[in-house]
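Participant: missing the sequence, but the structure's below:
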Ligand code: C2E
Ligand code: CA
Ligand code: CA
Ligand code: CA
């Protein structure tokens, strides 16, 4: 009986969250935080990753992992994803021209064959050049290998946007996607960086940098939390880095230490 009670509690919680999602897709309680990504060669901020935040009245902040999954399961991800994309591009249109924005996109959004039209429409509406938008996807898009997802990615690149492969090294697909998926950047998952100075983690990162150089792909390291980690990844030839040591996600865009603009 205890189990039943717990289960029904869980079901009610979930139903409440799904109900709340309907207001979220209208923008209520939705905000974006921005985390800087540094170019290690030029020592400057290259872009910001937009990270969705949901402050659900009466329930507090719901983690993005939780509500994105829920939005995927309830079919609301298309509307939510479009809203997020719009907010991120709108924000970026007010930033300096050499700073881009990276937006996470669910694999389900790539099932929409008109997705690149949506991106184009948003870019035109807010007046952001396509070269300033990075689309982040995970390797999992290849789990159900569909040619049309790849053609959507190609269309997005043809607009002038870049494709980033997120959480690189954690997926279940084989290296064969390296020539099947069109992409511009690899983001090495933070689990590798956080295992440093472990020699195996070091060799794996070094190997990924080597693979990336075959395709002249930019390597971004995620989850840099210490100056030691930063020094190591810099010496390994990683081009860009992101992590709490360099800057936490924040509701405003931090241009440089002490300086901020909206
Ligand atoms: P992600 O795309 O891999 O984003 C990076 C996550 O790592 C973020 O968590 C960020 O806050 C966290 N992080 C950044 N630097 C560090 C660090 O140095 N150490 C540690 N431990 N963590 C760090 P967050 O914001 O909770 O987002 C979690 C995931 O939710 C994201 O992982 C992404 O998969 C998803 N997500 C967030 N926003 C969106 C969105 O707008 N759309 C979609 N489809 N997914 C999103
Ligand atoms: Ca990401
Ligand atoms: Ca990631
Ligand atoms: Ca992730």
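Facilitator: Now that the structure is in, tell me what you want to look at. Treat the numbers as computed from the prediction; the structure is a model and nothing was measured. Ligands and ions are numbered 1, 2, ... in the order given.
Participant: from residue 251, how far off is residue 206?
Facilitator: Residue 206 sits 36 Å away from residue 251, going by C-beta to C-beta, to the nearest Å. Placement of C-beta: from N, CA and C, glycine included.
Participant: more crowded one of those two?
Facilitator: residue 206 (14 against 10; other C-beta atoms under 10 Å).
Participant: and that one, how close does it get to residue 192?
Facilitator: 10 Å.
Participant: need the residues of the stretch 151-262 of the chain near ligand 2, please.
Facilitator: residue 166 (C-beta under 5 Å from the ion).
Participant: all strands of the stretch 151-262 of the chain, in order?
Facilitator: Ranges of strands in the stretch 151-262 of the chain, per DSSP state E, counting those that start in this stretch, are 162-168, 185-188, 218-221, 240-241, 253-256, 259-261.
Participant: for ligand 3, find the nearest of these.
Facilitator: Among those, strand 162-168 comes nearest to ligand 3, with 4.4 Å by C-beta to the ion.
Participant: is there proximity between the closest one and ligand 1?
Facilitator: Yes - using C-beta under 6 Å from any ligand atom, strand 162-168 comes into contact with ligand 1 via 166, 167.
Participant: ditto for stretch 26-34
Facilitator: No - for stretch 26-34, no contact with ligand 1 is found by C-beta under 6 Å from any ligand atom; the gap never falls below 6.8 Å.
Participant: what does the stretch 51-200 of the chain have sitting close to ligand 1?
Facilitator: Residues of the stretch 51-200 of the chain lying close to ligand 1 (C-beta under 6 Å from any ligand atom) are 51-52, 63-65, 68, 84, 104-106, 166-167, 190.
Participant: ok but residue 12 is inside a strand, no?
Facilitator: No - if the criterion is DSSP: H, G, I helix; E, B strand; the rest coil, then residue 12 is helix and not within a strand.
Participant: let me know how buried it is, in neighbour terms.
Facilitator: 10.
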